[in-house]
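Novice: just a sequence and a predicted model for now, questions to come.
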Amino acid sequence: MEHDERFGHARSVTLPGPLALDGGQSLAPVTIAYETYGTLNADASNAILICHALTGDHHVASVHPVTGKPGWWVRMVGEGRPIDPARHFIVCSNVIGSCMGSAGPATAAADGAPYAMRFPVITIRDMVRAQAMLLDHLGVRTLTCVGGSMGGMQVLEWAATYPDRVQSAVIVASAARHSAQNIAFHEVGRQAIMADPKWRGGDYYESNDPPAAGLAVARMAAHITYLSEAGLTEKFGRQLQARDAVGFGFDADFQVESYLRHQGLSFVDRFDANSYLYITRAMDYFDLAEEHGGLLANAFRGSKARFCLVSFDTDWLYPTRESRSIVQALNAAGAAASFVELSSPYGHDAFLLEAPELNRVVDGFLRAGGL
Amino acid sequence: MNDQALLGLRPDLRIIADHVAAGSRALDIGCGDGALMAALRDHAGVDARGIEIDAANVASAVARGLSVVQGDADVDLAGYPSGAFDYAILSQTLQTTRAPDKVLDELLRIGAKAFVSFPNFAYWRVRASLLWGGRMPVTRTLPVAWYATPNIHHLTIDDFRAFLKERGIVTEGAWFLNGDRLTSEWAANFRAEHAVFLIRRG
């Protein structure tokens, strides 16, 4: 296995496809960037797919090539962690539509020019179908799926779309559909991007002058939704940024302004504005019940998977009641479900931060499933 | 079930564990950290699911590999389909619910049979505390002072029997405990600290 080019960090594969998309179009070929950690055991029973969130990528536990920061979920994935390369074969792939190496608006279409807005609109289910193609390529049939936020949506979609492949499913800080409020915040972000004159209808790749200001504003608005009001107050309050009094102007007087501006600016270095449009759209279209006759329980009727859901009490983006309604559907479908609301001051972002209780729950859940 | 598995269990849970059929499906409502569920799973091959209100308890139960959902017996039973379980188990929880009659209805809707255990408010020490001391009783099964007790719907064994009769619910088994020991049915409403009933719809 050491010499198998399919396995390792910073991998990429171009599969012939075509990938039939929910929107009616199809994608071919399908390039997927991914990483694997650990070794697939002889009976291919130790595979864990990790699904990333909106602006995440496949560098789940390796250094990010652009930012130089550690992987986005090293608290969950790594030696001695609940998801451990010593025991598990771990796969994390960049979702299609993204900009970190998988097929997306920035990649070249058949005519050699970037797709830009010619890239087909995709859904969460399309992302999952692409992941399934990758896992076929890697020789993985049955697996455990783990994800938070949009990653959790993919996990739910995995269980519904491939009921005979998913053995265990961990869904953290997520929802089975996007609420009006979720869609509303995303629309603010998209409008910020499209209102930037540099967006140019999405055709900004050749000029190498992307709509950075619009994307930064989109990120700033979204970032607020990832934090709790109490968390913001505790971290910044009304403290001023490097000054003793307000400046009676529109500089970043307040620390929280300075912080958000920094979040926005650093984001544009690593993310593509068009990808942001496509992925937020996919999330807005997500409504698992609607895909199954309007009844969420129907999505899980054929599933043999065990489910573990975790929410955080200060998460107002995907609040506990969203997890609860998934649990009710799982109970109605007779699926084995666990659910706990954990306490954290950090809002939606809690799942990415140090959360010993989350690790304890995930570790116990995975081990009970024989992993 | 072997003695080793039962050794660590609370006496009422031990009785329940002893009478749940091997290989059956059970829903433990108010399952705590999952001690009964684990015993049922490990030693009787029971497909056990749980509901627990306390997050720390749920985390402990899930960490030991049990399927436990954080929830409240008063609101979250409605989401379970009818007849989904062979047994619904409600141990030392009935007296803490807001609408015990509705919870019992739900138990018998979800489970073919239900185990219900509760502290007996007509136990002689409780009576004595009220009669001679004039104080709300604090005993081993009712260990918390009046202002802090989670027990908001106290009941007696005779209350429960009358309720079953009124509703046409059938008693399949009844066990009475004094401390950790089983005691006879004779004058149980006076002598027993704690009761376990196995009931089903008539």
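Specialist: Cool, the structure landed.

Novice: what's the neighbour count on the closest residue to A:D269 other than its chain neighbours?
Specialist: Spatial nearest neighbour of A:D269, chain neighbours left out: A:V66 (6.4 Å); criterion: CB to CB, 6 or more residues apart in numbering or on different chains. C-betas here are computed from N, CA, C, even on glycine. Residues near A:V66, counting by other CB atoms under 10 Å in any protein chain shown, number 11.

Novice: isn't A:V66 up against A:F271?
Specialist: No - here A:V66 does not reach A:F271: they are 9.2 Å apart, not a contact under CB atoms under 8 Å.

Novice: read off the pLDDT value for residue 28.
Specialist: Chain wasn't specified; assuming chain A. A:A28 carries a pLDDT score of 95 in this model.

Novice: I was after chain B.
Specialist: 97.

Novice: coming back round to it: which neighbours do A:V66 and A:F271 share?
Specialist: In terms of CB atoms under 8 Å, 6 or more residues apart in numbering or on different chains, A:V66 and A:F271 are not both contacted by any residue.

Novice: helices along chain A, start to end?
Specialist: Assigned by DSSP state H, the helices in chain A fall at A:124-138, A:150-161, A:180-195, A:212-226, A:229-235, A:255-268, A:273-285, A:296-299, A:320-332, A:356-368.

Novice: now for the residue nearest to A:H178 when sequence neighbours are not counted: which residues touch it?
Specialist: In this structure, A:H178 finds its nearest non-sequential neighbour in A:D284, 5.0 Å apart by CB to CB, 6+ apart. A:D284 is in contact with A:H178, A:N182, A:I183, A:H186, A:E187, counting by CB under 8 Å, 6+ apart.

Novice: over to A:V340?
Specialist: So A:V340 contacts A:L309, A:V310, A:S311, A:E357, A:V361, B:A55, B:V58, B:A59, B:V62, B:V68, B:Q70 (CB under 8 Å, 6+ apart).

Novice: ok, the third one touching A:S325?
Specialist: It stands for A:S311. No - contact status for A:S311 versus A:S325: not in contact, 11.0 Å apart, counting by CB under 8 Å.

Novice: so between these two, which is more surrounded?
Specialist: Of the pair A:S311 and A:S325, A:S311 is the one with more neighbours under other CB under 10 Å, namely 30 against 16.

Novice: and the residue in chain B that chain A sits nearest to, how far from B:W132?
Specialist: Of all residues in chain B, the one sitting closest to chain A is B:G65 (2.5 Å; CB to the nearest CB). Look at B:G65 and B:W132: by CB to CB, to the nearest Å, they are 49 Å apart.

Novice: again, but for B:R181
Specialist: The value you get for B:R181 to B:W132, if CB to CB is used, is 25 Å.

Novice: who's more crowded, B:G65 and B:W132?
Specialist: Taking other CB under 10 Å, B:G65 and B:W132 do not tie; B:G65 has more neighbours (21 against 8).

Novice: so which bits of chain B are right by chain A?
Specialist: B:49, B:55, B:58-59, B:61-71, B:76, B:79-81, B:84 (CB under 8 Å from any CB of the partner chain).

Novice: now these: which count as buried?
Specialist: Those of the residues of chain B next to chain A that meet the buried threshold are B:49, B:58-59, B:61-71, B:76, B:79-80, B:84, by 16 or more other CB atoms under 10 Å in any protein chain shown.

Novice: of these, which belong to strands?
Specialist: Cross-referencing those against strands under DSSP state E gives B:R49, B:S67, B:V68, B:V69, B:Q70.

Novice: residue in the stretch 201-350 of chain A nearest to chain B?
Specialist: A:Q328 (3.7 Å).

Novice: these two touch, right, that residue and B:V75?
Specialist: No - with contacts counted by CB under 8 Å, A:Q328 stays clear of B:V75, the gap being 10.6 Å.

Novice: which of these two has more residues huddled nearby?
Specialist: A:Q328 (20 against 11).

Novice: check the gap between the residue located most distally from the centre of chain B and A:I224 for me.
Specialist: Here the centre of chain B is the reference, and by CA atoms, centre = their mean the most remote residue is B:W132, at 29.5 Å. Distance from B:W132 to A:I224, counting by CB to CB: 62 Å.

Novice: check A:N298 too.
Specialist: 35 Å.

Novice: cool, and B:H194?
Specialist: 53 Å.

Novice: tell me, how many neighbours does residue 173 end up with?
Specialist: Using chain A here. 31.

Novice: you looked at the wrong chain, it should be chain B
Specialist: That count, for B:G173 with other CB under 10 Å as the rule, works out to 12.
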